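1. Build me a structure from this.
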Amino acid sequence: MLSRENLGVMIVDESSKIDLNFIDFTLFKESEFQKLLNNRSWVDLQDEREALGFINNIEIYREYFRDDVEFGAIFTTHSKPNINNSSDISLEMLYNLATANSSRASIFINKVITRRKSQNPYTEEEIDKEIRDYVTALPSWNINTLDPKLLKALLSKYDLDYMPLYREIKTEKELKQIYRVPKEKSSLYTYLGVTTTCWKITVEDNINRVMTTLWYGLNADLTGYFLINRSKILL
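-> Numbers count the residues shown, from 1 in each chain. All right, here's what the predicted structure looks like:
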């Protein structure tokens, strides 16, 4: 925490976590991700999300994961979902909310699924204009700030060995030189990149006992926007 005498500021990479609203829960079929679960399956998680819809409070899912999992450190409900790897059910629901047109939402998600099968990921420019403000084609997680447990689990999915990072990886080209995969496994690069798309900023005023939390998001053209501003009185 960066702080002066009466003010504290904490900045956290919020998008380099598992977004429980949008993650494709089939990821938890993989052994390393499965280890996070508390005698539950990815199907249980998917059924729960379909029943709940989008949520703000991650604690709703707490019982599905082991007690020793640092829940707030690796899970979130604040990110800009990646169109190339997020749950197709969640993306269809998001499109329907954005357009109030279930028929168009169905057409949209069928196009997304077809692109994934052809291993031809969307670029930012190709995203439908109706949903462009809500999703991104930028990789989901910044390798430089990603929790080591998540990085290890993701790499194991692609049969890659985990090794600690000793320096910052600055470009996607550099990342692809370090983690080389064949085309059929190139979906790795939809998860792993070098950009953060959502920061959580917490400002604590110790004199007035007020804490303000806001989320700062990043668009693909690197322009920013504030998502939420929430304050509470400290006891």
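2. C-alpha from now on. contacts and neighbour counts both.
-> OK.
3. just the helices in this structure please.
-> Ranges of helices in the chain, per DSSP state H, are 31-34, 42-52, 71-74, 88-99, 102-117, 148-157, 172-178, 188-191.
4. could I get those as CSV with distance to Thr202?
-> Listed next are the helices of the chain as CSV, based on distance: least, C-alpha to C-alpha, whole Å:
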stretch, distance to Thr202
helix 31-34, 29
helix 42-52, 28
helix 71-74, 14
helix 88-99, 27
helix 102-117, 35
helix 148-157, 23
helix 172-178, 29
helix 188-191, 26
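5. between those, which gets nearest to Thr136?
-> Minimum separation from Thr136 across those (C-alpha to C-alpha) falls at helix 188-191, 10.3 Å.
6. most packed of the helices of the chain?
-> Across those, averaging neighbours per residue (mean count of other C-alpha atoms under 10 Å) puts helix 188-191 on top, at a mean of 20.
7. In terms of mean pLDDT, which of the helices of the chain ranks lowest?
-> Ranked by mean pLDDT, the helices of the chain bottom out at helix 31-34, with a mean of 89.
8. and that helix, how far from the chain's centre?
-> 17 Å (C-alpha atoms, centre = their mean, to the nearest Å).
9. Now do that helix: which elements does it pack against?
-> Contacts defined by 3 or more C-alpha pairs under 8 Å, 6 or more residues apart in numbering; DSSP states H and E place helix 31-34 against helix 148-157.
10. For the helix it packs on, which outside residues touch it?
-> Residues from elsewhere that reach helix 148-157, judged by C-alpha atoms under 8 Å, 6 or more residues apart in numbering: Glu30, Ser31, Glu32, Phe33, Ile74, Ile143, Asp161, Tyr162, Pro164.
11. Can you give me the first-to-last residue distance of stretch 80-93?
-> Length of stretch 80-93, first residue to last, C-alpha to C-alpha, to the nearest Å: 15 Å.
12. Looking at the contacts of helix 148-157, which one is closest to Leu20?
-> Nearest member of those to Leu20, counting by C-alpha to C-alpha, is Ile74, at 10.2 Å.
13. roughly how far apart are that closest one and Phe54?
-> Counting by C-alpha to C-alpha - Ile74 and Phe54 are separated by 18 Å.
14. Adding distance to Glu174, write the contacts of helix 148-157 out as a markdown table.
-> Listed next are the contacts of helix 148-157 as a markdown table, based on distance: C-alpha to C-alpha, whole Å:
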| residue | distance to Glu174 |
| --- | --- |
| Glu30 | 26 |
| Ser31 | 28 |
| Glu32 | 25 |
| Phe33 | 26 |
| Ile74 | 25 |
| Ile143 | 12 |
| Asp161 | 17 |
| Tyr162 | 16 |
| Pro164 | 16 |
